[in-house]
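Undergrad: here is my input, please return the structure:
(one chain, ligands or ions: 3)
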Amino acid sequence: MILKIKHTSEKPSGVRNLFLVNDTSSLKDFGFNADALAYVKLKEEAKEKLITIKAYNITYYVVIVDKGELNDKSLEVLRKNGHTITSGMRKDKEEAICVYDSTGNKEAVLALTEGLALSTYQFDKYLSKKDKSFGEFNIWVATPVVNQEDLNELQLLCESVFATRDLVNEPVSTMDVAELSKTIEQLGEKHGFTVEIFNKTKLESLKFGGLLGVNKGSIDPPAFHILEWKPQNATNTKPVVLVGKGVVFDTGGINLKTPPGSLDDMKSDMGGAASVVGALTAVSANKLPVHVIGLIPATDNRPGGNAIVPGDILSMHNGTTVEILNTDAEGRLILADALSYSKKYDPELVIDLATLTGSAVMAIGHYATVGMGTADSTIFDELTKSGYRVNERVVQFPFWDDYDDLIKSEVADIKNIGGREGGSITAGKFLSHFVEAPWIHLDIAGPAFVRKEDSYRGFGASGVGVRLLYDFLKSRS
Ligand code: BES
Ligand code: MN
Ligand code: ZN
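TA: Ligands and ions are numbered 1, 2, ... in the order given. Next comes the predicted model:
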């Protein structure tokens, strides 16, 4: 599917029309006749904010929004209205829409357009009958309140989200470590970030004990990816480092996951990696003046003749020894090496993204990301604000010293599980042993992959993290 978002000062024909208004009487200026106006008034009195008008074979839409500056909730309502409209067009096999506006509110126009655009995504390559698919979807925006530059930025951001969703939706048979590496290289080539990849031999020489340990049960070698966007006009002197968990499939290893259904979605266990790739894509495609590095350790986690087992002790990249008590707590092991490696860049901030714990899902569901870490509260506040703005919300969990005790080991420096209580926090505490710079850990296990359509986030992979990080990095730059 090709998505095009274009500014126009004409009135394109053969498209569906969408009118964004504060006040329905302004629809007169768009040529609404008395019947249409009366119908809209009726719906408005019934408090409807999205009105669909069908006259003979013509369908058009009116979206009503409050006057003045909009809060985060209202912007989210607009995105969801965009999704409802795109879904209707998908059913009707219509592939072009023009957005007209009488509100003069740029944020509102962009949120509505974003909702339309993000909902055009489809993972349909394995369907024989693509009867619900768009070929090319055209969004025309006919208002001077936004320009083509704004729309290009939005389009590139949406395409970055789609790249992340594709990476996550692809099963492990077609998205193993080698294929992940290849896709990252292609995206780097296309959008301008550089890519360096360490192979197994290199990782052995660097003593990446966590990544190599998790990989021991696998027949495919691991890889470590370094992505970098370093524009000359960067506003930060020290880079922001993003780290993403790249477990291309998580069986649990020797501690095989139970019940069997709990394996169904584990192709999504590289969601953190995919979001880091999407964030670097968005930042470089839009040439944000910010120096960002992405670090992605990748492997599958499988049982095998040589797989690690409970009782094993791994020595990690920074020398810390870890007693393995559950091979299903593998994400923290590969992240540990990547976090420790980040020290080399003397980062101003490290953010890791990972589908790390079922405990995060149990705590808050798929509605938000669990966050914690050592960065100071102003940074957390900025990230939380970005989260509300783009509706990729982050909930900060406690990170008190008390939790440190839960991962103490008798035979090694720490152990890789902390027990049933506070599972996402003890996972975070584990990671804290490997990072010295100000750091935020984002556990995206809930929102990364959802088995039921969730508005413009879609079915399956949501691409969570990309819009959050883009907004956060943009507001810092
Ligand atoms: N990849 C899983 C976490 C996960 C669960 C992600 C559900 C998405 C949906 C992770 O590797 C894992 O298995 N975590 C264990 C840790 C436990 C053994 C300490 C968990 O959360 O059960
Ligand atoms: Mn696991
Ligand atoms: Zn995992």
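Undergrad: can you give me the neighbour number for S119?
TA: By other Cβ atoms under 10 Å, 26 other residues sit near S119. Just so you know, the C-beta spots here come from the backbone N, C-alpha and C atoms, and that holds for glycine as well.
Undergrad: tell me the phi and psi of the residue nearest to it when sequence neighbours are not counted?
TA: Beyond its immediate neighbours in the sequence, the residue positioned closest to S119 (Cβ to Cβ, 6 or more residues apart in numbering) is T86, lying 3.7 Å away. Main-chain torsions, T86, degrees, to the nearest 10: phi -60, psi -40.
Undergrad: same question, K54
TA: When read as degrees, to the nearest 10, the backbone of K54 gives phi -120, psi 120.
Undergrad: tell me how far it lies from K202.
TA: 61 Å (Cβ to Cβ, to the nearest Å).
Undergrad: tell me which of these two has more neighbours.
TA: K202 (13 against 8).
Undergrad: element containing the more buried one?
TA: K202 is part of helix 200-205 when elements are defined by DSSP states H and E.
Undergrad: next one: K4
TA: Applying DSSP H and E, one finds K4 within strand 2-7.
Undergrad: and that strand, how far from the chain's centre?
TA: Per Cα atoms, centre = their mean, to the nearest Å, the displacement of strand 2-7 from the mean C-alpha position of its chain is 21 Å.
Undergrad: got a list of contacts for that strand?
TA: The contact list for strand 2-7, computed with Cβ atoms under 8 Å, 6 or more residues apart in numbering, reads 113, 117, 120, 135-142, 146-148, 151-152, 154-155, 158-159, 162.
Undergrad: so what are the sheet partners of it and their directions?
TA: strand 136-142 (parallel) (DSSP bridges).
Undergrad: just give me the neighbour total for the residue nearest to S119.
TA: There are 22 residues near T86, going by other Cβ under 10 Å.
Undergrad: so who does it touch?
TA: Residues near T86 by Cβ under 8 Å, 6+ apart: 115-116, 119-120, 137, 456.
Undergrad: what residues does this protein have near ligand 2?
TA: Residues of the chain lying close to ligand 2 by Cβ under 5 Å from the ion are 250, 328, 330.
Undergrad: how many neighbours does the nearest residue to the second one once chain neighbours are set aside have?
TA: The shortest distance from D328 to any residue that is not its chain neighbour, by Cβ to Cβ, 6+ apart, is 3.9 Å, and that residue is G252. Each residue near G252 was counted by other Cβ under 10 Å, and the total is 19.
Undergrad: and G252, how far from S205?
TA: Applying Cβ to Cβ to G252 and S205 gives a distance of 29 Å.
Undergrad: with A96 instead?
TA: Going from A96 to S205 by Cβ to Cβ gives 55 Å.
Undergrad: now Y126
TA: Distance from Y126 to S205, by Cβ to Cβ: 39 Å.
Undergrad: what's the helix or strand for A427?
TA: Counting by DSSP H and E, A427 is found in helix 423-432.
Undergrad: export the helix or strand just after that helix as PDB, just CAs?
TA: Later in the chain than helix 423-432, the nearest helix or strand by DSSP H and E is strand 439-443. Output of strand 439-443 as PDB, limited to C-alpha atoms (Å, rounded to 0.1, in the frame of the first residue of the first chain):
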ATOM      1  CA  TRP A 439      18.300   6.000  32.200                       C
ATOM      2  CA  ILE A 440      14.700   5.200  31.500                       C
ATOM      3  CA  HIS A 441      13.400   1.700  31.100                       C
ATOM      4  CA  LEU A 442      10.200   1.300  29.100                       C
ATOM      5  CA  ASP A 443       8.400  -2.000  29.400                       C
END
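Undergrad: contacts only, for K67.
TA: K67 touches 22-23, 103, counting by Cβ under 8 Å, 6+ apart.
Undergrad: now do the same contact list for P221.
TA: P221 is in contact with 177, 199-200, 215, counting by Cβ under 8 Å, 6+ apart.
Undergrad: that older thread, next, check the residues of the chain next to ligand 2 against the strands and list the overlap.
TA: Residues from these lying in strands, with DSSP state E as the criterion: D250.
Undergrad: out of the residues of the chain next to ligand 2, which are buried?
TA: Among the residues of the chain next to ligand 2, those buried by neighbour count (16 or more other Cβ atoms under 10 Å) are 250, 328, 330.
Undergrad: contacts with ligand 1 among the residues you listed, please.
TA: Among these, the residues that sit close to ligand 1 (Cβ under 6 Å from any ligand atom) are 250, 328, 330.
Undergrad: bridging residues for the closest residue to ligand 3 within the chain?
TA: Distances between the chain and ligand 3 by Cβ to the ion are smallest at D250, namely 3.7 Å. Using DSSP bridges, the bridge partners assigned to D250 are N301.
Undergrad: quick revisit: buried ones among the contacts of K67?
TA: By 16+ other Cβ under 10 Å, the contacts of K67 give 22, 103 as buried.
Undergrad: could the contacts of K67 go into a markdown table alongside secondary structure and pLDDT?
TA: Putting those into a markdown table (DSSP: H, G, I helix; E, B strand; the rest coil; pLDDT from 0 to 100) gives the following:
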| residue | secondary structure | pLDDT |
| --- | --- | --- |
| N22 | coil | 97 |
| D23 | coil | 93 |
| T103 | coil | 98 |
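Undergrad: of the contacts of K67, closest to P398?
TA: T103 (41.7 Å; Cβ to Cβ).
Undergrad: all strands of the stretch 201-350 of the chain, in order?
TA: 223-229, 240-244, 246-250, 292-301, 313-315, 321-323, 349-354 (DSSP state E, counting those that start in this stretch).
Undergrad: nope, the stretch 1-150 of the chain is what I meant
TA: Using DSSP E, counting those that start in this stretch, strands in the stretch 1-150 of the chain cover 2-7, 16-21, 50-55, 58-64, 96-101, 136-142.
Undergrad: in the stretch 251-400 of the chain, which residue sits closest to ligand 1?
TA: Closest residue of the stretch 251-400 of the chain to ligand 1, Cβ to the nearest ligand atom: G358 (3.5 Å).
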